[in-house]
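Peer 1: Got a sequence here, can you model it:
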Amino acid sequence: MHDDEVVPDRDQVARLVARQVPSLAGEPVWRVRETGTDHSLWRVGEHHVARMPRVVWAVDQAHQDLRWMPVLAPHLPLEVPEPVALGEPGEGFPWPWLLVRWIEGECPEDSPDPANLDLVRAAGDLADFVRALHAVDTTGGPPKTGTTRGVPLERLAPDVPRVIADAASFVDTGRAWAVWDAAVLAGPWPHEPVWIHGDLQHGNLIARDRRLVAVIDFGALGVADPAPDYMTAWAVFTGESRRVFRERSGVDNATWARARAWAMLPALTGAVYYRDRWPAFAATGRRRLQEVLADAP
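Peer 2: Next up, the predicted model:
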């Protein structure tokens, strides 16, 4: 998936767990089917999962989750990952890794009418989650930096012409520019920064009995403009469910405009980058783009 990725095999993970978490030595270990871009996931028995960074940009997530998940979890209305143990490099694996509790369920189907999730009900539940997360005290929280999600859009401006041009073969570039221009016109977030998840899409949600029950993968966590958390309006929802999500969220027009851009840009880059590396993921990005550009101002 990445030129410089590192993915352990089952025996490596089993040895790491046995040596560093002795209480789980001997538990069966097996790989979870591919769902993400920056970690490989390994079940450890029935109740745990090991998150193994696969690229260098994800290495800090283990420490970040260990520090902040216990702080955020009591304030949130849905389940989130519960850290159990921080693993250290070893057995040929070069980076820290994290053992967390397994959350039973499955990712929602990427469909306008998923069989395993009531989208309208989920829209309200996820809106409540976002509102709760944004209300948590940010004292000591890590500010978003560089060009990561939630920083002022002006930092991304130099790269936008290239990003849109690279996708010209499969998107309406005029509509893409309209989305970007509307976001810039909306101006920056005028209030204090808030906690954001930063990546609320199908692969980071867990459904059980057609209910949204959990949010996982806080790799983009930080303190920033809340706009990226509303990009789920186009990544997951459509039609009536999108309307419910927006109304329940109480998001203002300017933040909505920036959110649309935050939904578009990762979809553009992902559709290009993963075209040959993970075609199914690239196709997901193109479907998201269809939703965003159909809603262009």
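
Peer 1: Pull up the gap between the residue nearest the centre of the chain and F218, please.
Peer 2: The centroid of the chain falls nearest to D199 when counting by CA atoms, centre = their mean (2.6 Å). Using CB to CB, to the nearest Å, we find D199 at a distance of 8 Å from F218. Glycine gets a C-beta too; all of them are placed from N, C-alpha and C.

Peer 1: Over to V21?
Peer 2: 21 Å.

Peer 1: These two: which has the busier surroundings?
Peer 2: Taking neighbours as other CB atoms under 10 Å, V21 and F218 compare with F218 leading, 22 against 18.

Peer 1: didn't the more buried one look like it was pressed against L66?
Peer 2: No - using CB atoms under 8 Å as the test, F218 is too far from L66 to be in contact (11.1 Å).

Peer 1: circling back: what's the residue nearest to the centre of the chain in contact with, if anything?
Peer 2: When contacts are counted by CB atoms under 8 Å, 6 or more residues apart in numbering, D199 touches R149, D217, G219, A220, P228.

Peer 1: which of those residues lies closest to R248?
Peer 2: P228 (17.7 Å; CB to CB).

Peer 1: Counting neighbours, what do you get for the closest one?
Peer 2: With other CB under 10 Å as criterion, P228 counts 27.

Peer 1: Only the buried residues of the longest helix along the chain, if you could.
Peer 2: The residue-count maximum for a helix in the chain (DSSP state H) belongs to helix 253-273. The neighbour-count check on helix 253-273 (16 or more other CB atoms under 10 Å) flags 254-273 as buried.

Peer 1: and that helix, what other elements does it pack with?
Peer 2: helix 160-166, helix 173-186, helix 232-235, helix 279-294 (3 or more CB pairs under 8 Å, 6 or more residues apart in numbering; DSSP states H and E).

Peer 1: quick check: angle from the longest one to helix 173-186?
Peer 2: Spelled out, it's helix 279-294. Between helix 279-294 and helix 173-186, the angle comes out at 70 degrees (axes from the mean of the first three to the mean of the last three CA atoms, to 10 degrees).

Peer 1: May I have the residues that are in contact with E104?
Peer 2: Residues near E104 by CB under 8 Å, 6+ apart: R208.

Peer 1: Assumed it was part of a helix.
Peer 2: No - E104 is assigned coil when assessed by DSSP: H, G, I helix; E, B strand; the rest coil, not a helix.

Peer 1: pLDDT score for it?
Peer 2: pLDDT, E104: 96.

Peer 1: And for V213?
Peer 2: On the pLDDT scale, V213 gets 98.

Peer 1: What of P112?
Peer 2: In this prediction, P112 carries a pLDDT score of 89.

Peer 1: And for it, the neighbour number?
Peer 2: The number of residues packed around P112, counting by other CB under 10 Å, is 12.

Peer 1: doesn't G239 make contact with it?
Peer 2: Yes - between P112 and G239 there is a contact under CB under 8 Å: 7.4 Å.

Peer 1: Can you find the helix or strand in this protein with the smallest mean pLDDT?
Peer 2: Lowest by mean pLDDT, DSSP states H and E among the helices and strands of the chain is helix 279-294, with a mean of 92.

Peer 1: How far away from the center of its chain is it?
Peer 2: 15 Å (CA atoms, centre = their mean, to the nearest Å).

Peer 1: Counting neighbours, show which residues of it come out buried.
Peer 2: Neighbour-count burial for helix 279-294 [16+ other CB under 10 Å]: F281, A282, T284, G285, R286, R287, R288, L289, E291, V292, L293.

Peer 1: how about those in CSV, adding distance to W234?
Peer 2: Putting the buried residues of helix 279-294 into CSV (distance: CB to CB, whole Å) gives the following:
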residue, distance to W234
F281, 16
A282, 17
T284, 12
G285, 11
R286, 12
R287, 10
R288, 6
L289, 9
E291, 4
V292, 5
L293, 9
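
Peer 1: Next up, phi/psi of P193, please.
Peer 2: The phi/psi pair for P193 (degrees, to the nearest 10) reads phi -70, psi 160.
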